[in-house]
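> Sequence and predicted structure below; questions after.
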Amino acid sequence: MANFRMKFFRLSFPVGVLCFSELSFITEPSDVTVLPKDPAVLDCQAHGQPPVTIKWLRNGVKLAESEHIHFLPNGSLYIPKIKHTKEDSDEGFYQCLSQNKFGAILSQRSRLTIASISEFVLHPVPVVVTVGSVARFSCAVISSPPATINWELNQRTLPLQTDRITVLPNGVLQIHNVQLEDAGHYRCVATNIGSVLKSREATLAVNQDAGPKLRQRPRIIAGPQNVTVSLHQTVVLECVATGNPRPIISWSRADSKPIDVYNAKVLGNGNLVITDVSTKHSGVYLCRATTPGTRNHTTAAANLTVLVPPNIVEKPESQTRPRAGTARFMCQAEGVPTPRITWLKNGEQVHLNGRIKMYSSKLVITQIIPEDDAIYQCVAENEQGSVLSLARLIVVMSEDRPSAPRNIHAETISSSAILLAWERPLYNADKVIAYSIHYMKAEGLNNEEYQVVIGNDTTSYIIDDLEPARNYSFYIVAYMPMGASRMSDQVSQHTLEDVPLRTPELSLTSHSTTDIQVSWQPLPAKVSRGRVSAYRLSYRTAADSTVTSVELLQNSTEYLLEGLQPDTIYLLRMAAATRVGWCEPSAWTSHRTPKTSSNKVPSAPILQLEALNCTSIVARWQSSPESVAIQGYRLCYHEEGQPEQPDIQLQAQTNTYTIGGLDPRKKYHVKILSVSKVGDGHQRDQTISTPGCVSARDQLAAAPPPPNQVTVLDGNSSAVSLRWSHPPFPSGKAVSYTVRCTPFGLMKCILGYFLPNCHDVGILFLCSTKQSVTVQKLDPNTRYEFVVRLHVDQMSSPWSSVVHHQTPPAAPSQPPAGVRVTLIEEDTALVSWREPTESNVVITRYTILYASQKDWIAGHWHKVQREGSHTMALLEKLEPGNIYLVKIAASNEVGEGPFSEIVELAPKRGNVHRMFSDGLYHIDQRSMTGIIVGVSIALTCIITCALILISKGKPRKSSSHKVIAVGAPEGPRSGFPSERHLENVEALIPMMSDHFIDAKVRNGTANKILVITRLLRKHSHVVSIPSLYEAGKTVLRYEEHLGSAPLPPSSREIIYGPLHSESSHTSEGSQETGDSGHYSNEESNEEMSSPLSSRSSRPESLGPDDSIAVVELKQSFKVEKEVDASLLRGISVASSTCQAASS
């Protein structure tokens, strides 16, 4: 994860702000070694804007000038006479502190050491040898500075003219091919600048050889030892071997690298001496003693570790930041051992709090205040020394700051990505030039905070480098040229789980000849990427391909395989799973079961592996207490997938071994067993992975380029194939790819803008090791964006260029919803439905199939089709008394979708809207309807005019004429009257009261007017509704707008309001049937009675009361043109009469 990424935008500040007089050291104190009572000078000189003051500290405590300690005018420290007593000593660590008006800086640490030499920690011991063999003496002393070792024979300096005698720099004396004159008393003399110290004497006794020597295999009597030295020192790797004939000594490195021929030489008869050591000399060295002319040999190994003082490879940079902004100081250091990083502010330890935090080696200061303006120093130190690097923080003051971003919203997209969205600040939003997104893990302490800076042209961002199954907290800061806002409110969001990153490291051992004990450690949270739900252990023999698998519980850490074959190589591997799925299983690990033997052999040592650094691991083991004597150990290691290295022979007293020269980020298998007289013991196998190196080379490594030539090959309405090209960069490592598929407009959906089907959109991530992938489960008729990124060696490339693709439409996959059938006459039914509940499908046609039970059994259906904008249709010429089955399907240009479930309709005979039955069927009902309505209106107008004439003679207040238009609408106010015109409706039909019944009228013509009258009385608060009648046309309108407020109650109830009527009855039901058969091609010529205003309009379900209203309205307005003409003639006559009476 990138700790800090500047994307799309770079903050800038006025030129000249960064110009200031820095404070720096010209000379810093260095290490010095002196004798007691000698004078000492520690140099320190600083440069900066005057006045510059210098103070001194010893072991972190400030020193005061006195007779014993003097501060020189140039800033140096002078001690005339060094003290070195138990009560008082000048020995310690010294630092100088330089200060001016910009701040203070601390120098590197220097050590003042008083020369001394201790008693010998190792004295030479007496040795008895035979003539021609090898004698060896050693001694050790602690000295500062390091002492020089010389040897004396019989209290005289040992002559070194002969090649048989070798004195190693570490104080070891070797005498090869011992002669009788070599016998005597030996002692070593240690000398440094202050003292000379002599060891005890040790006697060398030389015996005469009794007879001829037998042939002996080579044996190393003094092998190399693990050694740790400082940079530029000299190291000695000793190797002394005996045998007959005399063995030949040779050296090599375990990592097969060549030994440095410029700094390395062989001293004496096989000792390897390396001068001026550096980091390249670190590694495991092998001493091999070989019998001349044969392959008989023995080896010994030792690890050389070179200690390196700290070196800062990434220095902090001075920064200018606005108040309330954020400053990040980076600092990376190298050294052996790994340096410890600390931070100083004006020469004092930085006080960490909730606003100032340290993540690994970085210093992060958030919500900057004026007091943060100071000089900061990164201090890297280890046992080899310390080094510092400084940077200054300048705080820019500005009062005209924007307010904080608002309404922060986080939404999980995948196991590694979270979408963050926000609203612009309420104040000074127009001055914002960038946003800074801050995020960190919400669980745990001292978690590192990460930051992304983006431009001001967006208010959303996808953070896609998160860890799976982790909770993160986010906040945002808005930036303007000279200031920053406060931090926004924090929000938290959890990433999804993912499959484990890898499997646990296995440890294998056998307690008997027929079992293998498998054990492992639980996966850390960063690797498990969720809660582990199960483990799967698979095993087989090397000679058989049949694999046996065992699934283990999530809390298991060991398992015993029993019933195995003795002396057989078994291959084992493991996989781990979360709720998301199984990870890739590990590579096969081999283990040989012990041989069947009557002798008791040593059990497997208890092995512990630890990674020292990215190229070295240390193995520690402990033998189980048992009666079998152990003569030594045999250790072997190899990289996974590579052949095994030669066995390393270790002595019985050895219990640790360092393996060096390894590759970073690789898995290694380590095997160890005990060796005894009765045979080899049981073997233990264990695996370990080396970590990655953090070095200047890694810091400067550029991210790989993104894939190119991303192309959409082909696809259908739910899947598409992508292909891309590998970018032009050299890499011999495994490469993988991630494909991101995003519906076009996803950001607007999440930010609250209206888009169709916003609730269904989502981002899809797919992983592949190939250069192509098929993305499935897409929505039809949807525009998608595709991008690809590359992953290699734990680095990720940027996303590729965006490729757009529109999936083709698909036939509807859902049937129309809410199908209802309502009987409105004896032989006519109204069918209504809603659009299929699926996204991005444009319906062009509906097919309605209906059939009586008799026809259905015969497989014959009647078909009616309607345009896609209609959601209602009439079924005519139904036979009363029959039960009808109805189903509907939606179609588009691609094809037809499935039919809905069958809805059952049962028409009832003889009582549909029939209020009288007196045998007057011979009269033309349509003509009668027009005549009756016209006469009724004429009578009404005549009576009204008469009342007006009578009232003219009475005093009254003036009133304006009130007129309601019944004909074709004119203008937006045509239609039913508003509340102030309601009385005019009843004035038009004064005799049509609730109790009025004309026995000569058929089919409820008066009833139709009565329905409207009741509706208008009931809903007297109507403001405006569409015209329900237009001359010469049949109009039935129904509208609903999704996502908007419901229609005013008056409009909804006038169209579907509850009315008490006993003239309409429906029988509804649905059942699943196995329909089959053929349609009749009888197309209905009748147009839909209610064309919809938009494709998204959908009718509501019709209730019983709603059905009655629809029936009455349908009967009120389903008339032919001649009926309309009759009605209009009656109205015209009435209108003329009223005008005459008024005049």
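Looks like it came in fine.
> Would you map the helices across the stretch 451-600 of the chain?
Secondary structure of the stretch 451-600 of the chain by DSSP state H, counting those that start in this stretch: the helices cover 525-528.
> Start and end of stretch 232-249, how far apart?
Counting by Cα to Cα, to the nearest Å, the length from the leading to the trailing residue of stretch 232-249 is 26 Å.
> typo on my end, stretch 507-522
Between the start and the finish of stretch 507-522 there is a gap of 12 Å, counting by Cα to Cα.
> For that stretch, buried residues please.
By neighbour count, with 16 or more other Cβ atoms under 10 Å as the criterion, the buried positions of stretch 507-522 are 507-510, 513-520. Glycine gets a C-beta too; all of them are placed from N, C-alpha and C.
> I figured residue 116 hits residue 145, correct?
No - the pair formed by residue 116 and residue 145 falls short of the contact definition of Cβ atoms under 8 Å, at 9.5 Å.
> For the two, indicate the residue with more neighbours.
Using other Cβ atoms under 10 Å as the criterion, residue 116 and residue 145 rank with residue 116 on top: 17 against 13.
> Just give the closest residue to that one, not the sequence neighbours.
For residue 116, the nearest residue in space outside its immediate sequence neighbours is residue 144; the separation is 5.7 Å by Cβ to Cβ, 6 or more residues apart in numbering.
> Next, find the distance separating residue 272 from residue 227.
As judged by Cβ to Cβ, to the nearest Å, residue 272 and residue 227 stand 11 Å apart.
> Could you tell me which residues touch both of these two?
Common neighbours of residue 272 and residue 227, using Cβ atoms under 8 Å, 6 or more residues apart in numbering, are 236-237.
> So between those two, which is more surrounded?
When residue 272 and residue 227 are compared for neighbours, residue 272 comes out ahead with 21 against 17, by other Cβ under 10 Å.
> What residues are bridge-paired with that one?
Beta-bridge pairing of residue 272 under DSSP bridges involves residue 237, residue 266.
> thought it was touching residue 251?
Yes - the pair residue 272 / residue 251 is scored as a contact, 5.1 Å apart, by Cβ under 8 Å.
> ok, the residue nearest to residue 116 - how many residues close by?
A count of nearby residues for residue 144, using other Cβ under 10 Å, gives 16.
> Ok, the one 4 residues further on next?
When neighbours are defined as other Cβ under 10 Å, residue 148 has 13 of them.
> Look up the closest residue to it, ignoring the ones flanking it.
On the basis of Cβ to Cβ, 6+ apart, the spatially nearest residue to residue 148 that is not a chain neighbour turns out to be residue 191, at 5.0 Å.
> Quickly list what that neighbour is bridged to.
In this structure, residue 191 has the following beta-bridge partners (DSSP bridges): residue 148, residue 196.
> which residues touch the closest residue to residue 726 other than its chain neighbours?
Across the structure, with Cβ to Cβ, 6+ apart as the measure, the residue nearest residue 726 apart from its sequence neighbours is residue 771 (6.3 Å). Residues touching residue 771, when contacts are defined by Cβ under 8 Å, 6+ apart, comprise 707, 723-726, 737.
> Which pLDDT value belongs to residue 771?
Residue 771 is assigned 88 on the pLDDT scale.
> Phi, psi for it please.
Residue 771 adopts backbone torsions of phi -100, psi 30, taken as degrees, to the nearest 10.
> For the residue nearest to residue 148, the count of nearby residues, please.
In terms of burial, residue 191 registers 16 neighbours under the definition other Cβ under 10 Å.
> wouldn't it be in contact with residue 141 here?
No - counting by Cβ under 8 Å, residue 191 does not reach residue 141; the two are 10.0 Å apart.
> Name the residues contacting each of those two.
Shared between the contact lists of residue 191 and residue 141 (criterion: Cβ under 8 Å, 6+ apart) are residues 147, 197.
> any low-confidence regions in the stretch 351-500 of the chain?
Flagging of the stretch 351-500 of the chain using pLDDT under 70 yields the residue ranges 398-400, 444-446, 482.
> what about 80?
Counting by pLDDT under 80, the stretch 351-500 of the chain shows low-confidence ranges at 354, 396-402, 443-449, 480-484.
> swap in the stretch 751-900 of the chain?
Low-confidence segments of the stretch 751-900 of the chain, defined by pLDDT under 80, are located at 751-765, 792-796, 838-840.
> and for residue 272 and residue 251, which residues touch both?
By Cβ under 8 Å, 6+ apart, the residues touching both residue 272 and residue 251 are 237, 239, 259, 266, 285, 287.
> quick one: the fourth one and residue 272 touch, right?
Yes - using Cβ under 8 Å, residue 266 makes contact with residue 272 at a distance of 6.1 Å.
> where do the contact lists of these two overlap?
Shared between the contact lists of residue 266 and residue 272 (criterion: Cβ under 8 Å, 6+ apart) are residues residue 251.
> do you know how far residue 31 is from residue 147?
With the distance defined as Cβ to Cβ, residue 31 ends up 18 Å from residue 147.
> neighbour count winner among those two?
A direct count of neighbours by other Cβ under 10 Å for residue 31 and residue 147 places residue 147 higher, at 22 against 13.
> Phi and psi next, for the more buried one.
Listed backbone geometry of residue 147 is phi -80, psi 150, with angles given as degrees, to the nearest 10.
> which residues touch the closest residue to it other than its chain neighbours?
Nearest residue to residue 147, sequence neighbours excluded (Cβ to Cβ, 6+ apart): residue 190, at 4.0 Å. With contact taken as Cβ under 8 Å, 6+ apart, residue 190 is in contact with 117, 120, 139, 141, 143, 147-149, 171, 196-199.
> Hmm, residue 80 and residue 37 touching each other?
No - using Cβ under 8 Å, residue 37 and residue 80 do not qualify as a contacting pair, with a distance of 9.6 Å.
> What segments of the chain are helices?
Defined through DSSP state H, the helices belonging to the chain, from first to last, are 525-528, 696-700, 746-751, 853-858, 925-952, 982-988, 1005-1018, 1049-1056, 1104-1117, 1121-1142.
> neighbours of the nearest residue to residue 243 once chain neighbours are set aside, just the number please.
Leaving aside its chain neighbours, residue 243 sits nearest to residue 218 (3.9 Å; criterion: Cβ to Cβ, 6+ apart). Close neighbours of residue 218, defined as other Cβ under 10 Å, add up to 23.
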